[in-house]
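**Q** Sequence first, then the predicted structure, then my questions.
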Amino acid sequence: MRLILIFVLTLCLAKSAVAQNSEQDDKSFIENWLQDNLSEAGREVVVTGFRGALSSNATLERLTIADDNGVWFTLNKASLVWSRSALFAGRLEIDELTADEIILERMPVTKDGVSPEDAQAWQFALPDLPVAINIDEINAKRIVLKSPVLGEQAVLSLEGAFFLDDGVARAKTQILRTDREDKLVFEGGFSNETRVLALNLDFAEAKDGLVAKLLRIPGAPSLQLQLNGEAPLSDYTARIALSSDGVPRFGGTIEIAAMEESEGTETGHAFSANLSGDVRPLFEAEFHRFMGENASLSVTGQSLADGRLNLDVLELTSGAMELNGQVRLASDGWPQSFDLEADIAGDAVTRLPVAGAEVSVREINLSAQYNADQGDVWQTEVNLRDLVNDELQVGRAVLAAQGTIARGEPGRVTASIAFDAQRLNHDDPDMRRVLGSFINGTSEVSWTAQFPLEIVSLTLQSEDVDLQATGSLDGLSEGFPVVGRATVRSADLSRFSGVAERDLSGAAEIRVEGMGALLGGSFDVDVDAKTDDLKIANPRIDPLLEGNGAVSFAVKRDLEGTFLERFMVRTDAVSATADGTLSAERGQLDLAAELSEVSLVEPKLNGPATLSVGLRWVEGGAISLENLTVQAVAATLSGTVSLTPDDPELPVDGELTLVAEDLSRLSAIAGRSLAGRVDWSLEGFGELRGKTVDLTTKLVAQNFRSGLPSLDRLVAGDLTFD
C-alpha cells in the first residue's frame with residue numbers, strides 16, 4: 001500500500017515538471033525522482049513503459065527497485081486516472097488507481113558499517129502534506145508477499161477507497177488472501193453534520209494463519225475479530241468480539257451517549273467500555289497465571305464540550321494484576337486530579353506479558369495522587385520486589401517522586417525523584433562486578449510548556465562509581481535537541497576488567513559537556529578525562545600511563561562534516577595533539593606527539609622521541625601521509641607517501657629520507673655492533689596489485705660499520721650507493 005502511494009505521488013509530482021516531449025523524457029523524470037526518494041530503501045530504481053505524466057490517465061508497464069542482492073520490489077501494469085486541475089485548488093482527486101501485480105520478494109538490504117557520509121549530520125524536518133487526498137477506487141489485483149517477508153508466501157488482493165471533503169469522511173478496504181480463505185474488511189465514516197459514526201471491521205483467518213503465527217499464538221488457531229456499530233454519537237454502541245477456533249475469548253461493548261445540558265453543566269458525551277474474557281488460550285502457558293480466568297477492562301467517563309475529560313472509573317484486572325483509578329483533565333488538557341493504584345502480587349514469581357527478554361516479578365505496587373482543588377503537589381511511589389529480567393535480578397527497588405503542577409501561561413511541572421535498587425545480581429560474573437550490589441540516585445526535573453525539559457540535577461551511584469549530570473531536552477519538532485554536561489568518576493577501574501577483557505587498574509574521572517540532536521545526528525561535544533596510575537595490562541603502554549594523565553578533545557558534527565577541533569593527551573611520559581576534519585568529499589588529520597624516554601616502550605633504545613604527520617584524503621583520490629617526521633635515538637625519518645585505494649592496481653608513490661647520526665645507538669636492537677653516520681633516501685612509484693615498481697635510492701655512509709667482518713672490510717670508511 002505504501003509503495004502504491006509512492007507511485008501516486010510520483011505521477012502527481014510529474015505535473016510540476018517541465019513539459020516532456022518524448023516517452024524517454026517522461027521515463028527519465030520519474031526514474032530520477034524515485035531514485036532520489038527511495039535511495040534509503042534500495043540502490044536502483046528502473047521504470048519502463050511510462051506514459052502520460054501530463055495527462056489525466058498516467059500508466060507504466062513496470063517498476064522495479066533493487067539493492068545489492070537484486071530486485072526486491074516489482075510493480076506491474078499500474079494506471080492512474082485523476083483530475084489535474086483539482087491540484088490547483090489544493091485537492092488530490094483520483095478516480096481510479098489500479099495495479100495488476102505487486103511483488104515483494106523480501107525486505108530491502110540496508111548497508112551496515114561506517115562510511116565517509118556518516119561524518120555529516122542531516123537536516124531533520126517533519127513532513128508537510130499540503131493537499132487533501134480523495135481516492136474513489138484503489139485496486140491491486142494481485143499482491144505477492146514472498147516467504148522472506150513474513151515467514152511464508154502470501155498472495156493477496158486489495159480493493160478500497162478514501163474520501164474526505166466538507167466534514168465528511170469515508171473509507172473502505174477489502175484485503176483478501178487469495179491462496180487461503182482469510183480476509184480483512186473495513187468500512188467506516190463520520191459526518192460532522194449528522195454526527196453519525198459508522199465502523200465495521202471484519203477480520204477472519206483459518207487455522208495456521210499468518211496473523212496467528214506472527215503473534216505466536218499457541219497452536220496457531222483460527223481467528224475472528226469483529227468491530228461494528230453505526231449510530232449518532234448521541235446514542236452510540238460498538239460491539240467488539242475476538243474468537244479463536246470458534247470460541248469467544250474477549251469482547252464487550254463501547255458506548256457513547258449525549259449528555260443533556262443542565263444548569264451549571266456543559267453539553268458533552270458520556271462514554272463507557274466494558275470488555276472481558278478468558279484470553280489464556282491466546283498466550284503461552286507461562287503467562288496464564290498473570291492473565292487468570294477472566295481479564296477485564298472497565299472504563300466510565302465524560303468528554304465535555306469545553307474540553308474537560310473525566311475518567312470516573314478505570315479498572316483493569318487479571319489473574320495477578322489489579323489497577324484502579326480516576327483521572328480528570330481540565331479544558332486546557334492539564335490534569336485536574338488523578339488517583340491511581342496498581343498492584344501485581346502473588347505467592348510466587350509471575351511472568352509478565354512484555355515483548356523482548358523474559359521479565360518476571362514477585363510484587364509491584366504503584367500509587368499516584370494529585371488534586372488541584374487541594375493544592376499543586378503531586379506524588380507517586382513504585383515498590384518492586386524480586387524482579388528477574390533475562391540475566392539480571394533485583395531483590396528490591398523503590399522509586400519515589402513528588403513535585404508540583406502549576407497552571408498558568410505557561411504551565412509548569414516539577415519533579416523530585418529518588419531511586420534505590422538493592423541486592424542486584426547478574427548471571428555474568430563480569431557484569432555482576434560492574435553493576436555492584438546496589439544503584440541509587442536522585443534527580444530534579446522541571447518542564448515549562450513550550451520550553452525544553454530541564455534536568456536540573458541527576459546523580460547515580462553504584463559503590464565506587466558515581467555520575468552527576470544536568471541538561472535539557474527539547475521536542476520532536478526540533479529533532480529532540482539535547483544540551484548538558486555530565487561527570488563520571490570511578491575510584492577503581494578494576495571492576496571493568498571483565499567486560500574490557502583485560503586487567504585494568506587505577507582511577508578515572510570523565511567530564512562531558514555539549515549539545516546534540518537525537519534526530520539528525522548533529523553534536524558539539526567537549527570531553528576532559530583525568531586518570532591516576534591507569535594500567536591496561538600492556539607492558540609497552542602501561543609505563544606511559546603511570547602517574548597523573550589527562551585526555552581532552554572537542555569534536556563537532558554538522559551538515560558540513562565532522563570536525564576534531566582539539567585533541568590532547570598528556571602524561572608524565574608522553575604528550576600528543578591532533579586536529580582534523582572529515583566530510584563525504586575529503587578529510588584531513590594533523591598529529592604531533594612527544595615521548596620523553598623511548599626506553600619506556602623499547603628497553604633496547606634510549607632518549608626522547610617526536611612524531612609529526614599530516615593525513616589527507618579526497619573522495620576518489622589518494623590517501624596521503626604528508627610531512628612525516630620521526631625523530632629518535634639521533635635519527636630522523638621524514639617523507640611523504642600516498643595510496644589510491646579506488647584504483648584497482650592500488651598505486652603507491654612517495655619519498656622517504658633517513659638520517660642517522662650515530663648508528664651505534666641502534667646496536668642493541670639490531671643485535672650487532674653498528675657504527676657510523678648514514679644518510680639514505682628513497683623515491684619511487686609502484687602498483688601493489690600490478691606488482692610493478694620504479695624506485696630510485698641513494699645511500700651515503702661515513703665511518704660505517706655493520707658488525708659483519710666480511711662486509712666491513714669491503715665498505716670500511718665512507719660508502720656511497722646509488
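**A** Perfect, thanks for sending it.
**Q** List the beta-bridge partners for residue 485.
**A** In this entry, residue 485 is beta-bridged to residue 470, residue 513, by DSSP bridges.
**Q** how many neighbours does it have?
**A** Residues lying near residue 485 (other CB atoms under 10 Å) number 14. Backbone N, C-alpha and C define where each C-beta goes, glycine included.
**Q** How much space separates it from residue 451?
**A** According to CB to CB, to the nearest Å, residue 485 stands 19 Å off from residue 451.
**Q** elements contacting the lengthiest strand in the chain?
**A** Criterion DSSP state E: the longest strand present in the chain is strand 335-351. When contacts are defined as 3 or more CB pairs under 8 Å, 6 or more residues apart in numbering; DSSP states H and E, strand 335-351 packs onto helix 288-291, strand 321-329, strand 359-371, strand 377-389.
**Q** Identify each buried residue in it, please.
**A** Across strand 335-351, burial judged by 16 or more other CB atoms under 10 Å covers 335, 336, 337, 338, 340, 342, 343, 344, 350, 351.
**Q** Identify the farthest-apart pair in those.
**A** Pairwise distances across the buried residues of strand 335-351 (CB to CB) peak at 37.0 Å, for the pair 336 and 351.
**Q** Contacts only, for the residue nearest to residue 154 when sequence neighbours are not counted.
**A** Excluding the flanking residues, the one nearest residue 154 by CB to CB, 6 or more residues apart in numbering is residue 145, at 4.5 Å. Residue 145 makes contacts with 104, 153, 154, 155, 156, as judged by CB atoms under 8 Å, 6 or more residues apart in numbering.
**Q** What is the least confident helix or strand in the protein?
**A** Every helix and strand of the chain was ranked by mean pLDDT, DSSP states H and E. The lowest is helix 2-13, at a mean of 47.
**Q** bridging residues for the closest residue to residue 542 other than its chain neighbours?
**A** Excluding the flanking residues, the one nearest residue 542 by CB to CB, 6+ apart is residue 535, at 4.8 Å. Beta-bridge pairing for residue 535 (DSSP bridges): residue 505.
**Q** what about residue 535, distance to residue 429?
**A** Relative to residue 429, and taking CB to CB, residue 535 is found at 21 Å.
**Q** all strands of the stretch 351-500 of the chain, in order?
**A** For the stretch 351-500 of the chain, the strands defined by DSSP state E, counting those that start in this stretch cover 359-371, 377-389, 392-406, 412-426, 438-448, 453-462, 465-473, 481-490.
**Q** Rebuild those strands as JSON lines, extending it with mean pLDDT.
**A** Output for the strands of the stretch 351-500 of the chain, formatted as JSON lines (pLDDT from 0 to 100):
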{"stretch": "strand 359-371", "mean pLDDT": "95"}
{"stretch": "strand 377-389", "mean pLDDT": "95"}
{"stretch": "strand 392-406", "mean pLDDT": "95"}
{"stretch": "strand 412-426", "mean pLDDT": "96"}
{"stretch": "strand 438-448", "mean pLDDT": "95"}
{"stretch": "strand 453-462", "mean pLDDT": "95"}
{"stretch": "strand 465-473", "mean pLDDT": "95"}
{"stretch": "strand 481-490", "mean pLDDT": "95"}
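**Q** Using JSON lines, please lay out those together with distance to residue 218.
**A** Formatted as JSON lines, the strands of the stretch 351-500 of the chain follow (distance: least, CB to CB, whole Å):
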{"stretch": "strand 359-371", "distance to residue 218": "19"}
{"stretch": "strand 377-389", "distance to residue 218": "23"}
{"stretch": "strand 392-406", "distance to residue 218": "27"}
{"stretch": "strand 412-426", "distance to residue 218": "31"}
{"stretch": "strand 438-448", "distance to residue 218": "37"}
{"stretch": "strand 453-462", "distance to residue 218": "40"}
{"stretch": "strand 465-473", "distance to residue 218": "42"}
{"stretch": "strand 481-490", "distance to residue 218": "43"}
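**Q** Quickly run through the sheet partners of the longest strand of the chain, with directions.
**A** Paired strands of strand 335-351, with direction, are strand 321-329 (antiparallel), strand 359-371 (antiparallel) (DSSP bridges).
**Q** what distance separates that strand from the centre of its chain?
**A** Put simply, strand 335-351 sits 31 Å off its chain's centre (CA atoms, centre = their mean, to the nearest Å).
**Q** Other residues contacting that strand?
**A** 286-287, 289-290, 308, 314, 320-330, 352, 358-373, 378, 386, 388, 405.
**Q** now stretch 142-154, how far from the centre of its chain.
**A** With CA atoms, centre = their mean, you get 27 Å for stretch 142-154.
**Q** tell me which residues of it are tucked away?
**A** Of all the residues in stretch 142-154, those buried under the rule 16+ other CB under 10 Å are 143, 144, 145, 154.
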